[in-house]
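Q: Sequence first, then the predicted structure, then my questions.
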Amino acid sequence: MDRRTKKQLTILAIVFLVVLAALFVIGFSVFYSPGSCTDNKKNQGEEEADCGGPCTPCAFKQLRPVEVFFARFIQVRQGNFDVVAEIRNPNEHLAGNPLVYRVRLYDDKNAEVGRRENITYIDPNDRIYIIESNFLTERNVVRAVVEILDGETKWEYTNELRPDMTIGRKNYEVVTADDREASRVTAELANRSAFTYRYVYVRAALLDADGNIVGVAKTIVQNVRPGEPRPIELSWPQKIETAISRIDIEARTNWLDPSNIVAP
């Protein structure tokens with residue numbers, strides 16, 4: 001084989017290899033997919049198709065709505081009403097932060113006579129009261145409704161447990177002030193977590209012997225330090241005529257909000 005033929009074969013071999021490499025690159029780009037969070041396939045270390053691993057946690061894909069167990073109104077005095085509802089977050093790893101809700105009151109003609117929107121915070125798999133006070137109307141109120149505004153609620157993923165806030169030494173009593181009888185609840189709040197929180201939200205419900213809620217109140221306790229017992233007092237401007245058989249008090253704090261944690 002002469003020198004010229006060898007040169008031609010070498011050139012042909014180089015051209016062949018270049019073409020083969022180009023075909024390989026094209027084929028690889030067409031037939032090979034590295035996986036993504038939108039390909040509807042379980043790949044790249046995902047827990048389920050398009051969630052978990054490098055993708056958004058599957059808890060967001062499986063988000064379940066907050067449950068409203070009941071909503072009731074309480075007539076505090078003539079023309080003045082409180083509303084209480086009990087809600088539950090069934091999601092194990094998602095906190096509503098903030099959870100946005102709307103309260104409505106209706107009269108006996110099904111006309112809306114009161115409305116209020118507000119926000120709260122609910123931990124994963126938690127059950128809390130919503131309390132809204134001082135609805136003023138002279139109409140005959142017959143129904144209260146509490147709605148969770150899903151489109152405005154924000155969800156935050158967490159694997160942590162909520163801070164341990166305990167309530168002890170609960171006591172209900174009727175007191176006299178300015179020659180008028182009033183109702184009062186005292187208790188003691190204990191922060192058993194490792195941090196100081198700027199705001200702890202306390203909600204109380206008074207129940208009769210049949211389990212009916214006959215009085216509600218809420219307050220905010222500020223700068224609650226670890227291990228420091230804090231007295232709590234909630235009051236009603238009148239005596240609650242029904243005998244009180246149980247006092248439910250819950251304490252919650254938004255521990256996922258960095259501004260709510262006091263630096264040591």
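A: Noted; the coordinates are in hand. Numbering: from 1, shown residues only.
Q: can you pull out the helices in this structure?
A: 3-31, 58-61 (DSSP state H).
Q: Between these, which has the poorest mean confidence score?
A: The minimum mean pLDDT among those belongs to helix 3-31 (a mean of 61).
Q: How about residues contacting stretch 236-251?
A: Residues from elsewhere that reach stretch 236-251 (C-beta atoms under 8 Å, 6 or more residues apart in numbering): 76-77, 128-129, 165-167, 170-172, 174, 180-185, 187, 189, 200-209, 211-212, 214-215, 217, 221, 232. Just so you know, the C-beta spots here come from the backbone N, C-alpha and C atoms, and that holds for glycine as well.
Q: Give me the distance between the two termini of it.
A: With C-alpha to C-alpha, to the nearest Å applied, stretch 236-251 spans 19 Å between its terminal residues.
Q: quick one: buried residues of that stretch?
A: 236, 240, 244, 247, 249-251 (16 or more other C-beta atoms under 10 Å).
Q: Next, work out how far apart residue 240 and residue 77 are.
A: Distance of residue 240 to residue 77, given as C-beta to C-beta, to the nearest Å: 11 Å.
Q: what's the first-to-last distance across stretch 120-132?
A: 11 Å.
Q: So for that stretch, what gets flagged as buried?
A: Going by 16+ other C-beta under 10 Å, stretch 120-132 has these buried residues: 120-124, 126, 128-132.
Q: Then stretch 54-62?
A: 55, 57-59.
Q: Distance to residue 93 for those residues - can I get that in TSV?
A: Below are the buried residues of stretch 54-62 laid out as TSV (distance: C-beta to C-beta, whole Å):
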residue	distance to residue 93
55	15
57	7
58	9
59	4
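Q: Go through the residues you listed and name the one nearest residue 71.
A: Within the buried residues of stretch 54-62, the smallest distance to residue 71 is 26.9 Å, found for residue 59 (C-beta to C-beta).
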